[in-house]
Structure formats: structure tokens, C-alpha cells
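> Here is my input; please provide its structure:
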Amino acid sequence: MQFSDLPLHNSILKAINEERYHTPTLVQEKAIPVILDNKDVIVSAQTGTGKTAAFALPILHQLFDKQDAEKRSKKIKALVVSPTRELAIQIEENFKKYGKYSNLRTTAVYGGVSIEPQKDILAKGVDILIATPGRLIDLHIQGHIDLTVLTTFVLDEADLMLDMGFINDVRKIEALCPRKKQTLLFSATMPEKITVLASSILNKPEKIEIDADDSVSKSIGQLLYYVPKKNKTDLCLHLLRNTINGRIIIFRRTKFGVDKLEQTLSKNGYKVTSIHGDKSQSLRNEAIATFKSNKATILIATDVAARGIDITKVDAVINFDLPNIPETYVHRIGRTGRAGKSGIAFSFCSADETSYIKLIQEILQRKIQIIEDHPFPLTKPKHKKQPNTISKHKKGRKSTASKKNKKRWY
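Got it, this is the predicted structure:
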């Protein structure tokens, strides 16, 4: 299937063709026709599978023919609620790219910045609003947001939204919308709390689920390095010097880990920047802009800070710390190998992370290639020496245990 086979407005097809979108991803192929049929939809798919276009393109199409008839209306027709500022900004950029040959007005509102400019934009009228929950509620309380004629309500990255404690805000926002509307829920995972939420706000939804194995592009190479935790930085430097080139995203589990690795790589002459939850919005925006413009070739990030950021032309991903949630691994490696390009993911596994690898390989339904030929291999942990209770007649017998321990143990 090609995008030209979908019943989208010619102006939208022209815009996405200029963005070099030709073949829909699996989630786009499945979701767009159902959304165009005005059905409620609940979609489970990982980051990097093209979820934004899956809801943005049909929303633009549905509003396209109404834009002239309702051009004097200043009320919001479509609302997309996202958990983070970065994701809201990215969704806004995509709507504007796909709808550049329309007169539809799109804006994003989020916290961490002055509210006054957002009020001014809303006063001029907006067709499509992208918002984080807290700022949306603040603006509504102050009388700057009217959702009474809303036709489409989208919850994006719903699982992250609930993990961040926005469940009550989401319910408040949904209650502000008309009862008769189309509701679209997109989530990377489907825990029970998402299922409960969906049952309360969606009407007979069509369920679309993209398996993790289908989500991982076949153009992404995956390599696994077993390495002692103390040698992860050494291995990272070794690979950067000898193996990995181009633009790279490195994932770490903690903010402290991000800062520490950034300092080390900077001292070693690498152009590096970083994002995590303790950084202000302006610093995070600056870091992303620096990476996108190639002023820095390495971006180090925590998962929450990086979730939903769409950065194209990433050549490699390094999982410096393995995630304990297997779906997160799929999110991470989906940052590379996008838009038909090839990419590669390097994962460092220390002794205490071997259980994570098992879960990841289970969800992928395949093994990740192990690279043993590197300077910092992980050997089997030595057990504490037990008290010598060997009888005298066994003392002279040579042990073969050392030979056995040379075998791969993971």
C-alpha cells in the first residue's frame, strides 16, 4: 500500500510526499482508514512506528473541507493531549508540516514557559490544539479554551501520561468535551489501568495492536555486549573511537548517570549534549536543537525526557543502561532506522541486567546478536572461597573447573 491509495485530501498527500512519505507504516496502514470512518480507536504501538501521522493525517482530512465554512469560528475542533512538552512541540510541528497546504490553525500549549503568548494565540482562534494536561486545565479555568464544539479527542502516549500521574487531569479534560465526539487513544503498552480508562471514555472502539516484533524495523541492527558495570564507560569510548559513527543517542537510567557520562565524553573531545527531567524547558529545547543541527553529535538522555521526541537521521542508539521494561527497549532502538534508513543499536549488559535481556528477547521473539570480541568481556562472578574440607586423598587431584568457567555463562 502507498499513501496515495488512502482516501486523503490531495493537498495532504502533496505535503507528505514532499516529506518523502510514500509507504505507510503498519500502524498508519491499519489506523488511518478506521479513523477516517469516524470510529473510536485504541492503538497499541511502540515509539518510532509513525503514530503521530496515524492520527494527524485523518484529523487534517476530516477538518479540511470544513475550514472555509467555519473559518470565522475560534473554537477548537480537535484536541491532542500529550504527557510532555517535547512531545507536544513535536506533534505541533508534524501537524503544520502535513497541513501546510490548508488554512487550518494549529498550536501547542504547555507549561514551563510564559502563559501570556499562548493566551494571545488562542484568542485569535485555533482549529487543532496540542496540549499538556496541566497547562490545558489552567487555560480553561482562565476562560481561554472552549471545547464545546470539539469533534476529535486524542490521548497520545497514554501509558506515560498515567505513569506521570495525569489520570485525574485526563478525566477532567474528557469531561469538558462534548459527549458526541471521536476519541482516539494511542499507547505504547496496554496495562490494566489503560484498559479501564479506555472503557470509560471510548465508545465501542476498534482495537489495533502492533506487536513489538513488527514495531522494530528490519533495517535496525541489534548488537549485545556483556560487560562489567565498572567498564561500561570504557567500552562506550572504545566503540565511539573504533566502531560507531554519525549521530548517536545514548540512553541512561538516571539523571546523575546522564550528567556523569556527558562530562566524561566532553573531556574526551566529543561534541555532546543531554536532556533529563531536572533540566529546565529552555535547556532541554536548546539541547535538542543543538543535536538536530549537528552542533552536537551525541545526545545523552533518560527515557522520560526523550519519550516522544522525533529526531530523524539518528545513525545509532546505545543502551548504556538496559531498561527493566522490555517495551522501553523497543522505544529506544526505534529512534534509529527511521524513514527507510538503516540504523544500529548497541546494548551494554552487566551481570545484574541479564534478566532484563531475557525479557527483551522474549518480547522481540528472537535473540540479539552477542559480540564477544571486545576489550572488556564479562566473566563469570567468582564465588567466595569455601573452608577447606577436602579430604587428604583428594588434595592431589587436579580440578577441571577452570576450564568449564571459560565457557560462556550468560
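> Restrict stretch 32-46 to CA atoms and write it as PDB.
The C-alpha trace of stretch 32-46 is given here as PDB (Å, rounded to 0.1, in the frame of the first residue of the first chain):
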ATOM      1  CA  ILE A  32      -5.900   5.700   9.200                       C
ATOM      2  CA  PRO A  33      -8.900   4.000   7.400                       C
ATOM      3  CA  VAL A  34     -10.600   3.300  10.700                       C
ATOM      4  CA  ILE A  35     -10.200   6.900  11.900                       C
ATOM      5  CA  LEU A  36     -11.500   8.200   8.600                       C
ATOM      6  CA  ASP A  37     -14.500   6.000   9.200                       C
ATOM      7  CA  ASN A  38     -15.200   8.100  12.300                       C
ATOM      8  CA  LYS A  39     -14.800   5.200  14.700                       C
ATOM      9  CA  ASP A  40     -13.200   5.400  18.200                       C
ATOM     10  CA  VAL A  41      -9.800   3.700  18.200                       C
ATOM     11  CA  ILE A  42      -7.500   2.300  20.800                       C
ATOM     12  CA  VAL A  43      -4.000   1.700  19.300                       C
ATOM     13  CA  SER A  44      -1.100  -0.100  21.000                       C
ATOM     14  CA  ALA A  45       2.200   0.600  19.200                       C
ATOM     15  CA  GLN A  46       5.800   1.400  20.200                       C
END
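> quick one: average confidence on it?
In this model, stretch 32-46 has a mean pLDDT of 92.
> V314 - nearest residue in space that isn't next to it in sequence?
T336 (4.5 Å; C-beta to C-beta, 6 or more residues apart in numbering). Glycine gets a C-beta too; all of them are placed from N, C-alpha and C.
> That neighbour: what's it in contact with?
220, 249, 314-317, 343-345 (C-beta atoms under 8 Å, 6 or more residues apart in numbering).
> One more: S200?
By C-beta under 8 Å, 6+ apart, the neighbours of S200 are R171.
> And it, how far from K193?
11 Å (C-beta to C-beta, to the nearest Å).
> what residues are shared contacts of the two?
Contacts common to S200 and K193, judged by C-beta under 8 Å, 6+ apart, are absent.
> F64 - nearest residue in space that isn't next to it in sequence?
Nearest non-adjacent residue to F64, counting by C-beta to C-beta, 6+ apart: H9, 4.7 Å away.
> Which residue is the nearest non-sequential neighbour of K295?
Nearest to K295 is K271, by C-beta to C-beta, 6+ apart, at 6.8 Å.
> I misspoke; the intended subject was P375.
H238 (6.0 Å).
> For I42, see how far away S282 is.
S282 is 35 Å from I42, by C-beta to C-beta.
> Tell me which of the two has more neighbours.
Remark: of S282 and I42, I42 carries more neighbours, 23 against 10, as counted by other C-beta atoms under 10 Å.
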